[in-house]
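> below are the sequence and a predicted model for it; my questions follow.
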Amino acid sequence: MKIDETPEEDYEQVKIEQVGLIDPMTGAMILKSLDGAEFHITAFSAEVATHIANFIDQKREELPTIYNMFENMCEENEVLLVKVKIYETGGIFRATLYFTGRKEFLLRNYRASDAIALATFYNVPILVRRDLLHKPQTKTLEK
């Protein structure tokens, strides 16, 4: 798939609905599609969850070293991150990062949480495989 092509039918664009901590060491996040389907992701570092929350709040003054290095590499090579696709492989959530600029390329099989942090920092689309999205169950009270 070329970077500027229409997204594949088996992926859907999502937004971060919530990000937080399960405990002092573990982050959690809910991604939500336009039609309300959700994807819950946990078991990533609390540090990454904090970075994502800061990026959402436009707090970008103190960029973590690894993200600063990533930004410098992109600038030096005249490329931009344009989208991130999240999928599952072997029971682990992974990501493909799509770049454009002086040349188009993609990086496959990276940690989903870091890819989501970068997508949040650069404000680029996050796409999730449809089979990972689930409609939340609504409970009704019986009379």
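Ah, there it is. Owing to the predicted nature of the structure, the values given are computational and were not obtained by experimental measurement. Numbers count the residues shown, from 1 in each chain.
> continuing past the helix or strand of the chain with the lowest mean pLDDT, what's the next helix or strand?
The helix or strand of the chain with the poorest confidence is helix 65-76; it has a mean of 89 (mean pLDDT, DSSP states H and E). Helices and strands here follow DSSP states H and E; after helix 65-76, the next one along the chain is strand 79-89.
> re the thing from before, and the angle from the least confident helix or strand of the chain to strand 79-89?
If you take axes from the mean of the first three to the mean of the last three C-alpha atoms, to 10 degrees, helix 65-76 sits at 130 degrees to strand 79-89.
> neighbouring contacts of helix 65-76?
Applying C-beta atoms under 8 Å, 6 or more residues apart in numbering, the external contacts of helix 65-76 come out as 51, 63, 80-81, 99, 101, 117-118, 121. In short, each C-beta sits where N, CA and C put it, glycine included.
> buried sites along that helix?
67, 70, 74 (16 or more other C-beta atoms under 10 Å).
> please pick the buried ones from the contacts of helix 65-76.
Burial by neighbour count, judged by 16+ other C-beta under 10 Å, picks out 51, 63, 81, 99, 117-118, 121 from the contacts of helix 65-76.
> longest strand of this protein?
Counting by DSSP state E, the longest strand found in the chain is strand 11-23.
> beyond it, next helix or strand please.
Next element after strand 11-23 (DSSP H and E): strand 26-33.
> who does that next one pair up with?
strand 11-23 (antiparallel), strand 38-45 (antiparallel) (DSSP bridges).
> quick one: average pLDDT of the first one?
The reference is to strand 11-23. Per-region confidence: strand 11-23 scores 96 on mean pLDDT.
> buried ones in that strand?
Quick answer for strand 11-23 (16+ other C-beta under 10 Å): 11-12, 14, 16, 19.
> from Ala28, how far off is Glu17?
Distance, Glu17 to Ala28, by C-beta to C-beta, to the nearest Å: 11 Å.
> just to check, Asn54 is in contact with Arg60?
Yes: Asn54 sits in contact with Arg60 when judged by C-beta atoms under 8 Å, with a separation of 7.4 Å.
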